[in-house]
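Student: just to be clear, the model below is a prediction. Sequence and coordinates:
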Amino acid sequence: MIDTPTIKFTFAVNDPELDDEERQETARKLLRELRQLDEVENADFAKDSDLEPGARSVLATIVGVLTAEVSIENIQKVLGFIGDRIPNKPVVIKVKVGEQEVEIEAKSRKELEDAEQVVRQLLEQMQESDDA
């Protein structure tokens, strides 16, 4: 069995009309649904990597932020899923492929579709640099 490379997405529910509790509840619902998708390898709440020494990691979950690992062939399906679940609301997406990372803010399903193109371009650039 060949390992399929995955891409790490970080999604932030970034609606200014929601307070922290509402953003976290929206993220909790979305996480439950993401975990049920066959297209998602792994999904969880994002953790704060900028913790102070000695800080408790239990309290380090970032409000309204999720991470998901997705195989390359499922990018479009997962971004479409996110667009359907959070329609016309601002979402910040960080995409990490290898050591390269790009941040995209999308406010509509169309902008999420554009994000897919950015991810694919990033993948192509990585493959070109690996081949060089």
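Tutor: Right, received. Where do you want to start?
Student: from here on, just use CA atoms for contacts and neighbour counts.
Tutor: OK.
Student: can you mark which positions in the longest strand seen in the chain are buried?
Tutor: In the chain, taking DSSP state E as the definition, the longest strand is strand 61-71. For strand 61-71, the neighbour count (16 or more other CA atoms under 10 Å) marks 61, 63, 64, 65, 66, 67, 68, 69, 70, 71 as buried.
Student: what helices or strands is the next helix or strand after that strand leaning on?
Tutor: For strand 61-71, the following helix or strand on the C-terminal side (DSSP states H and E) is helix 75-85. Packing partners of helix 75-85 (3 or more CA pairs under 8 Å, 6 or more residues apart in numbering; DSSP states H and E): helix 109-131.
Student: touching the helix it packs on from outside, list them.
Tutor: Here helix 109-131 makes contact (CA atoms under 8 Å, 6 or more residues apart in numbering) with 75, 76, 79, 80, 83, 84, 87, 88, 95, 97, 104, 106.
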